[in-house]
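Participant: please work out how this folds:
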Amino acid sequence: MRNLRSISALLAATVAFTTPVFADEHLKVTDEPLTLDIHFHFRDRVVYDNNWPVEKRAAELTGVSLNNVASLASTSSQEAFNLLIASGDIPDIVGGDSLKDKFNLYGPQGAFLPLNELIEEHAPNIKAFFDENPDLLKAAQAADGNLYYIPYLPDGKFARAWFVRQDWLDKLGLEAPDNVDELYEVLTAFRNQDPNGNGKKDEIPYFARQWPELLRLLVLWDGRSTGTDAAHGFYVEDGEVKHPYTGENYKIGISNIAKWYKEGLIDPEVFTRGARTREELLGNNVGGMTHDWFASTSGYNVSLADEVPGIDFRAFLPPKSVSGKRIEENRRTLLKPDGWAIGHTNENPIETIKYFDFWFTEEGRRLANFGLEGEQYDLVDGKPQFKDEVLNSDSPVNAQLWAIGAQIPRGFFMDYSYEEQWTNEIALEGIKLYESEDLLIPEFLGVSMTPEEQEVYDRYWSSILTYMLEKQQAWILGSGDVEAEWDSYNAQLERLGYDKVMEVMNTAYDRQYGE
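Facilitator: Okay, the predicted model is just below:
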């Protein structure tokens with residue numbers, strides 16, 4: 001981006017944010033009311049609502065109103081976007097979730113406006129953000145070096161953690177495991193020593209409601225399960241893009257996970273039990289350990305207090321690997337593929353980028369995160385504090401905010417304090433524990449490919465990943481033998497085009513992040 005500062009230092013664990021100081025009138029985009037059409041379809045069921053209180057308040061402050069033109073009937077956000085592109089009738093603004101790659105594909109083809117100069121000249125708050133965070137700018141840009149969308153930018157550090165039944169540890173006279181060997185000993189004790197006290201060997205030492213969380217165990221043998229916010233993603237090591245399901249550490253890790261599964265240390269239904277695994281296993285007092293979200297997982301200490309007396313499900317530090325490394329592979333992503341872009345037919349691009357910039361002002365960011373002052377929150381010592389009726393409602397806080405148009409995947413910068421206010425003390429203690437050590441590792445923020453590179457990726461990668469996951473599951477379940485099949489596994493990856501995919505991934509990475 002022209003004149004934006006570039007620094008090569010890695011991002012800090014928490015994204016820095018600086019808002020320039022302006023006179024009050026900086027919120028006003030236009031003196032004459034302006035209405036812009038928007039196609040904003042997300043979560044496969046939600047479209048932008050002209051009557052959202054947040055939308056109405058933004059219109060009052062900026063003079064710009066948004067009018068939804070996305071179909072209310074479509075139940076697929078990606079399909080709704082594809083139909084829009086096929087029609088050629090691009091509205092003033094297009095937004096939603098998981099659209100980064102499509103913005104960066106169709107932007108260079110002319111469907112969306114490049115935002116570089118518009119930001120430089122008319123969006124001081126967005127410019128300030130990217131000046132502070134140049135790697136996020138690189139990550140959001142298309143292969144041609146232009147920025148075509150303003151992303152939704154999460155805040156905070158830790159997302160998931162290792163959780164263990166502390167009450168079981170206490171009963172068995174054990175400590176939280178500090179390394180992989182101690183972890184094996186704890187899981188074995190959970191399996192064999194009846195920590196739930198019912199006289200049955202029904203304990204399930206390790207469980208996961210999302211089966212890819214089982215693969216976090218790979219880090220214990222210095223492997224990886226992903227490098228992104230999504231499962232099975234690429235990662236970067238020593239400046240090279242790699243995939244975690246190859247290499248010697250992966251082979252060793254999968255062999256040990258298969259061994260633990262065979263010994264009954266892992267939920268036998270880990271691949272099929274599904275979304276309510278925590279409720280089922282913790283509620284029946286048989287689940288011992290998992291890797292999952294801080295806030296929701298710690299909440300079972302409260303919701304199951306009567307059903308499972310004495311339950312104490314707490315976060316503990318990630319166990320050290322065989323080489324002594326202690327890492328938390330998962331983190332709150334720094335950049336989402338969600339956000340919004342300006343259609344090429346937009347006759348008011350300057351006003352539109354100023355409207356986008358509003359959401360990066362102090363007032364706009366607060367509106368996007370917390371809703372309306374006096375209704376959802378009050379300012380206490382200059383900071384937004386949710387009202388008691390919001391925090392104590394039967395409806396989750398985030399659901400209440402979605403209903404009024406806050407915390408939706410527009411282009412804005414999240415404020416983690418919104419979530420911190422409704423996170424319970426057990427989770428906050430766990431987060432503090434994780435912050436006490438240097439656990440986070442760099443996130444792979446993805447690449448933007450040229451059409452030719454994308455064609456190679458699309459041609460080969462789906463079949464490669466399908467094969468990887470099929471073999472992975474067979475090895476864990478015991479219907480295959482990783483040691484015996486390792487050479488043929490790698491030979492098949494090569495036949496399927498693995499080397500070709502890695503070549504275009506690394507070419508794109510070097511272009512996007514190289515100096």
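Participant: how far does the biggest helix by length in the chain sit from its chain's centre?
Facilitator: Counting by DSSP state H, the longest helix found in the chain is helix 451-477. With Cα atoms, centre = their mean, to the nearest Å as the basis, helix 451-477 stands 21 Å off its chain's centre.
Participant: next, the buried residues of the following helix or strand past that helix.
Facilitator: With elements assigned by DSSP states H and E, the helix or strand that comes after helix 451-477 is helix 482-496. For helix 482-496, burial by neighbour count (16 or more other Cβ atoms under 10 Å) applies to 482, 486, 489, 493, 496. Where C-beta positions appear, they are placed from N, C-alpha and C, glycine not excepted.
Participant: which one of the residues you listed sits closest to residue 219?
Facilitator: Distance to residue 219 across the buried residues of helix 482-496 (Cβ to Cβ) is lowest for residue 482, with 17.4 Å.
Participant: sorry, back to before: just the angle for the longest helix of the chain relative to helix 482-496, thanks.
Facilitator: 160 degrees (axes from the mean of the first three to the mean of the last three Cα atoms, to 10 degrees).
Participant: what's the average pLDDT for helix 451-477?
Facilitator: If you average the pLDDT over helix 451-477, you get 97.
Participant: residue at max distance from the center of this structure?
Facilitator: residue 199 (41.0 Å; Cα atoms, centre = their mean).
Participant: quick one, phi/psi of that residue?
Facilitator: Main-chain torsions, residue 199, degrees, to the nearest 10: phi 80, psi 10.
Participant: state the distance from it to residue 193.
Facilitator: Using Cβ to Cβ, to the nearest Å, residue 199 is found at 12 Å from residue 193.
Participant: again, but for residue 29
Facilitator: Distance, residue 29 to residue 193, by Cβ to Cβ: 66 Å.
Participant: show me where the stretch 51-200 of the chain has strands.
Facilitator: 64-68, 93-96, 150-151, 160-165 (DSSP state E, counting those that start in this stretch).
Participant: redo those as TSV? Include mean pLDDT.
Facilitator: Formatted as TSV, these follow (pLDDT from 0 to 100):
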stretch	mean pLDDT
strand 64-68	97
strand 93-96	98
strand 150-151	98
strand 160-165	97
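Participant: dump the ones you listed to TSV, plus distance to residue 74.
Facilitator: As requested, the strands of the stretch 51-200 of the chain are exported to TSV (distance: least, Cβ to Cβ, whole Å):
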stretch	distance to residue 74
strand 64-68	12
strand 93-96	11
strand 150-151	23
strand 160-165	32
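Participant: can I get these in CSV with mean neighbour count and distance to residue 124?
Facilitator: Formatted as CSV, those follow (neighbours: other Cβ atoms under 10 Å; distance: least, Cβ to Cβ, whole Å):
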stretch, mean neighbour count, distance to residue 124
strand 64-68, 19, 17
strand 93-96, 27, 20
strand 150-151, 26, 14
strand 160-165, 24, 36
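Participant: what's the closest of those strands to residue 286?
Facilitator: Among these, strand 160-165 sits nearest to residue 286 (Cβ to Cβ), with 10.0 Å.
Participant: ok, residues contacting that closest one?
Facilitator: The list of residues contacting strand 160-165 from outside it, by Cβ atoms under 8 Å, 6 or more residues apart in numbering, reads 176-177, 186, 190, 195, 213, 287-294, 297-298, 311-319, 328, 330, 430-431, 434.
Participant: would you list the buried entries among those?
Facilitator: 176-177, 186, 190, 195, 213, 287-294, 297-298, 311, 313-319, 328, 330, 430-431, 434.
Participant: so which bits of stretch 110-125 are buried?
Facilitator: So for stretch 110-125, counting by 16+ other Cβ under 10 Å, buried means 111-116, 118-120, 122-125.
Participant: around residue 479, how many other residues sit close by?
Facilitator: The number of residues packed near residue 479 is 8, by other Cβ atoms under 10 Å.
Participant: next: residue 88.
Facilitator: Neighbours of residue 88 (other Cβ under 10 Å): 8.
Participant: residue 127 now?
Facilitator: Neighbourhood size, residue 127 [other Cβ under 10 Å]: 21.
Participant: next: the one 3 residues further on.
Facilitator: Residue 130 is surrounded by 19 other residues when neighbours are defined as other Cβ under 10 Å.
Participant: quick check: the gap between it and residue 392.
Facilitator: 39 Å.
Participant: do the same with residue 164
Facilitator: 29 Å.
Participant: residue 447 falls within a strand, correct?
Facilitator: No - under DSSP: H, G, I helix; E, B strand; the rest coil, residue 447 sits outside any strand and is assigned coil.
Participant: contacts only, for the nearest residue to it once chain neighbours are set aside.
Facilitator: Distance criterion Cβ to Cβ, 6 or more residues apart in numbering; nearest residue to residue 447, sequence neighbours excluded, is residue 508 at 3.8 Å. Listed by Cβ under 8 Å, 6+ apart, the contact set of residue 508 reads 143, 447, 448, 449, 450, 453.
Participant: ok, 10 Å please
Facilitator: Listed by Cβ atoms under 10 Å, 6 or more residues apart in numbering, the contact set of residue 508 reads 143, 241, 446, 447, 448, 449, 450, 453, 454, 457.
Participant: what about the second one, helix or strand, and which?
Facilitator: Mapping residue 241 onto the secondary structure by DSSP H and E places it in strand 240-242.
Participant: which parts of that strand are buried?
Facilitator: For strand 240-242, burial by neighbour count (16+ other Cβ under 10 Å) applies to 241, 242.
Participant: now stretch 215-230
Facilitator: Buried residues in stretch 215-230 (16+ other Cβ under 10 Å): 215-227, 229.
Participant: now, which of those residues lie within strands?
Facilitator: Counting by DSSP state E, the buried residues of stretch 215-230 place none of their members in strands.
Participant: ok, back up a step: out of the buried residues of helix 482-496, which one sits closest to residue 148?
Facilitator: residue 496 (31.6 Å).
Participant: for the closest one, report the pLDDT, please.
Facilitator: 98.
Participant: how about it, nearest residue that isn't a chain neighbour?
Facilitator: Nearest to residue 496 is residue 464, by Cβ to Cβ, 6+ apart, at 4.9 Å.
Participant: kindly report the same for residue 404.
Facilitator: Using Cβ to Cβ, 6+ apart, the nearest residue to residue 404 is residue 53, at 4.6 Å.
Participant: go ahead and confirm that neighbour touches residue 374.
Facilitator: No - using Cβ atoms under 10 Å, residue 53 is not in contact with residue 374; the gap is 11.3 Å.
Participant: who has more neighbours, these two?
Facilitator: Between residue 53 and residue 374, residue 53 has the larger neighbour count (other Cβ under 10 Å), namely 17 against 9.
Participant: can you give me the strands in the stretch 201-350 of the chain?
Facilitator: 204-206, 235-237, 240-242, 287-293, 313-316, 339-342.
Participant: now render the ones you listed as JSON lines, adding distance to residue 256.
Facilitator: Output for those, formatted as JSON lines (distance: least, Cβ to Cβ, whole Å):
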{"stretch": "strand 204-206", "distance to residue 256": "12"}
{"stretch": "strand 235-237", "distance to residue 256": "20"}
{"stretch": "strand 240-242", "distance to residue 256": "20"}
{"stretch": "strand 287-293", "distance to residue 256": "16"}
{"stretch": "strand 313-316", "distance to residue 256": "20"}
{"stretch": "strand 339-342", "distance to residue 256": "40"}
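Participant: I'd like the ones you listed as CSV, with distance to residue 88 and mean pLDDT appended.
Facilitator: Formatted as CSV, those follow (distance: least, Cβ to Cβ, whole Å; pLDDT from 0 to 100):
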stretch, distance to residue 88, mean pLDDT
strand 204-206, 52, 98
strand 235-237, 38, 96
strand 240-242, 35, 97
strand 287-293, 41, 97
strand 313-316, 51, 98
strand 339-342, 16, 98
